[in-house]
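[1] sequence-free structure coming up:
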């Protein structure tokens, strides 16, 4: 190799190595968004989205959407406390029973586990617009990674 070719070869290597490192770093940033995070990997994004959806259902008094976000015992509790036949019919009254349903907001989410340490639980602090605490929305993921609420603000029982 001539000295000139040796210089070009070294420059090519010097340029290629940082470019390769940059490419690898950028590809690591890509992929799926946080909503698809496996609960066992410590992600709470999908649970937080479920909490936001619950808040919107409360604001809209939307029983179909709100109850779809609850597990069966929580649905039964909403229906029973509002003396209705089912959760969807009871949900608007449940929302109205809250001190400030239109001001409900999802706060911080905290990842925990059940007493056995086997089931991931996300507790999302719920607050009203004036800063008054509304309690927690407790969420658990099923076998397919879908988060449902097992405890809802304004109730005393429900979930495990």
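    Thanks, I have the structure now. Note that this is a predicted model, so its numbers are computed, not measured.
[2] How confident was the prediction at residue 156?
    Listed pLDDT for residue 156 reads 72.
[3] for it, helix, strand, or coil?
    coil (DSSP: H, G, I helix; E, B strand; the rest coil).
[4] Stretch 91-103: which residues count as buried?
    Neighbour-count burial for stretch 91-103, counted by 16 or more other CB atoms under 10 Å, picks out 91, 92, 93, 94, 95, 98, 101, 103. Just so you know, the C-beta spots here come from the backbone N, C-alpha and C atoms, and that holds for glycine as well.
[5] I'd like those written out as TSV, with pLDDT added.
    Output for the buried residues of stretch 91-103, formatted as TSV (pLDDT from 0 to 100):
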residue	pLDDT
91	98
92	98
93	98
94	98
95	98
98	95
101	96
103	97
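[6] right, and out of the residues you listed, which lies closest to residue 153?
    residue 98 (6.7 Å; CB to CB).
[7] what's the distance between the closest one and residue 66?
    Residue 98 sits 12 Å away from residue 66, going by CB to CB, to the nearest Å.
[8] what's the answer for residue 100, then?
    Counting by CB to CB, the gap from residue 100 to residue 66 is 16 Å.
[9] do the same with residue 138
    On the measure of CB to CB, residue 138 and residue 66 end up 15 Å apart.
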